[in-house]
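Asks: sequence first, predicted coordinates after that:
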Amino acid sequence: MPHINLPEGYPGIRSLFMYSPVTAAPLNHLVQTLLHDVTTSTLTPGERELIATYTSRLNECKYCASTHGAIAKFQLGGNAALVQDILNKRIAEAALSNKMKALLHIAGKVQQSGKEVTKADIKQAKTAGASDKEIHDTVLIAAAFCMFNRYVDGLATWAPDDATVYDAIGKQRAEEGYMTKPFIVQP
């Protein structure tokens, strides 16, 4: 049960966006830029969604981890096994490049505290082929998702248990981005 009176049928952050359209606009623009736009990062949208998924999983935010995991799956050609590895925090075993493993390691450090990121972490990512821009984007995505996760869970929004709901949201967001109409589900 949400802590405040939110519109029914909208899971997670979507209910908060319906509740407060004035704050939804800049937050949607931010997530569109961070995760979906192809001109703003050298990481693919699928790779950026994996960073959001991993950060959300570390924060134990069911709605965000499930939603962004589903989006990543669609953007990565249906690679559900890779997304499951991320959700299960099996980064070392995941079918990822060393660069992505190093970036996810940095995202995990940011999730704990930005001050946990060390020069050695950055060196490891650069040695694996990460650019300064990719390191920047990873830190910003992880930091932003700590905020989004706390927004969603701090107001106790509704997170469906049905995986097909997240698949439908994932398909829509992967195709349309974040600036389209919100997804509605009947609880």
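Replies: Perfect, thanks for sending it.

Asks: spatially central residue in the protein, please.
Replies: Ala52 (2.4 Å; CA atoms, centre = their mean).

Asks: okay, and it sits in which element?
Replies: Ala52 is part of helix 45-58, with elements assigned from DSSP states H and E.

Asks: any idea of the mean pLDDT for the next helix-or-strand element following that helix?
Replies: Next in sequence after helix 45-58, counting helices and strands by DSSP H and E, comes helix 62-75. Helix 62-75 carries an average pLDDT of 98.

Asks: now stretch 107-120
Replies: Mean predicted lDDT for stretch 107-120 stands at 98.

Asks: would you mark the buried spots in it?
Replies: Using 16 or more other CB atoms under 10 Å as the test for burial, stretch 107-120 gives 107-111, 117. For the C-beta atoms, the positions are set from N, CA and C on the backbone; glycine is no exception.

Asks: how close does the residue nearest to the centre of the chain sit to Cys146?
Replies: 11 Å (CB to CB, to the nearest Å).

Asks: ok, back up a step: which other helices and strands contact the helix holding Ala52?
Replies: Secondary-structure packing of helix 45-58 (3 or more CB pairs under 8 Å, 6 or more residues apart in numbering; DSSP states H and E): helix 62-75, helix 80-87, helix 98-112, helix 132-154.

Asks: quick one: buried residues of the longest one?
Replies: Judged by neighbour count using 16+ other CB under 10 Å, the buried positions of helix 132-154 are 134-135, 137-142, 144-146, 148-149, 151-153.

Asks: and it with helix 62-75, angle?
Replies: Put simply, helix 132-154 runs at 140 degrees to helix 62-75, going by axes from the mean of the first three to the mean of the last three CA atoms, to 10 degrees.

Asks: how many neighbours does Ala102 have?
Replies: Residues contacting Ala102 under the criterion other CB atoms under 10 Å number 25.

Asks: nearest to Leu58, of the buried residues of stretch 107-120?
Replies: Gln111 (4.5 Å; CB to CB).

Asks: residues touching that closest one, list them.
Replies: Gln111 makes contact with 55, 58-59, 142, 146 under the criterion CB atoms under 8 Å, 6 or more residues apart in numbering.

Asks: and of those residues, the nearest to Val83?
Replies: Thr55 (13.9 Å).

Asks: what's the nearest residue to that closest one if we skip its chain neighbours?
Replies: Phe145 (4.2 Å; CB to CB, 6 or more residues apart in numbering).

Asks: tell me the two of the buried residues of helix 132-154 that are most distant?
Replies: Across those (CB to CB), the longest gap, 28.0 Å, separates Glu134 and Asp153.

Asks: local confidence estimate at the residue nearest to Thr55?
Replies: 98.

Asks: mind listing what it touches?
Replies: Per CB under 8 Å, 6+ apart, neighbours of Phe145: 51-52, 55-56, 59, 64, 68.
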